[in-house]
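Participant: Below: sequence and its predicted model.
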Amino acid sequence: MSIIYILIPIAILFVIIAIGIFFWAVRSEQFSDLNKQGHSILFEDDKEQHKNANDRD
């Protein structure tokens, strides 16, 4: 039973840390444009490959 007195404050601390990280992410605009990041992965490598192919010729 005494372990509950240790685990409850640790659980509350984890929740406070998780909420703090979430609000930090929202304030620093980590979630501002979710679609842009998905599309930039697809198109960024193509530009690099075309640039390297033109340099070889």
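Facilitator: Yep, that arrived. Numbers count the residues shown, from 1 in each chain.
Participant: going forward, measure contacts and count neighbours with C-alpha atoms only.
Facilitator: Noted.
Participant: Lowest-scoring secondary structure element of the protein by mean pLDDT?
Facilitator: For the chain, counting by mean pLDDT, DSSP states H and E, helix 34-56 ranks last in confidence among helices and strands (a mean of 63).
Participant: Look at residue 31 and give its secondary structure.
Facilitator: Following DSSP: H, G, I helix; E, B strand; the rest coil, residue 31 is assigned to coil.
Participant: which ones are touching it?
Facilitator: residue 25 (Cα atoms under 8 Å, 6 or more residues apart in numbering).
Participant: Next up, phi/psi of it, please.
Facilitator: Dihedral angles phi and psi of residue 31 (degrees, to the nearest 10) take the values phi -110, psi 20.
Participant: From residue 22, how far out is it?
Facilitator: As judged by Cα to Cα, to the nearest Å, residue 31 and residue 22 stand 10 Å apart.
Participant: what does residue 28 give?
Facilitator: Applying Cα to Cα to residue 28 and residue 22 gives a distance of 10 Å.
Participant: what about these two, which has more around it?
Facilitator: Neighbours were tallied for residue 28 and for residue 22 using other Cα atoms under 10 Å; the higher tally belongs to residue 22 (12 against 9).
Participant: For that one, give me the pLDDT.
Facilitator: Here, the pLDDT recorded for residue 22 equals 91.
Participant: How much space separates it from residue 32?
Facilitator: In this structure, residue 22 lies at 13 Å from residue 32, with Cα to Cα as the measure.
Participant: One more: residue 6?
Facilitator: Applying Cα to Cα, one obtains 38 Å for the distance of residue 6 from residue 32.
Participant: Now residue 25. Nearest residue, chain neighbours left out?
Facilitator: residue 31 (7.2 Å; Cα to Cα, 6 or more residues apart in numbering).
Participant: ok, and what's touching the helix or strand containing residue 8?
Facilitator: Residue 8 is part of helix 4-27 when elements are defined by DSSP states H and E. For helix 4-27, the surrounding residues in contact (Cα under 8 Å, 6+ apart) are 31-32.
Participant: quick one: buried residues of that helix?
Facilitator: Of all the residues in helix 4-27, not one is buried under the rule 16 or more other Cα atoms under 10 Å.
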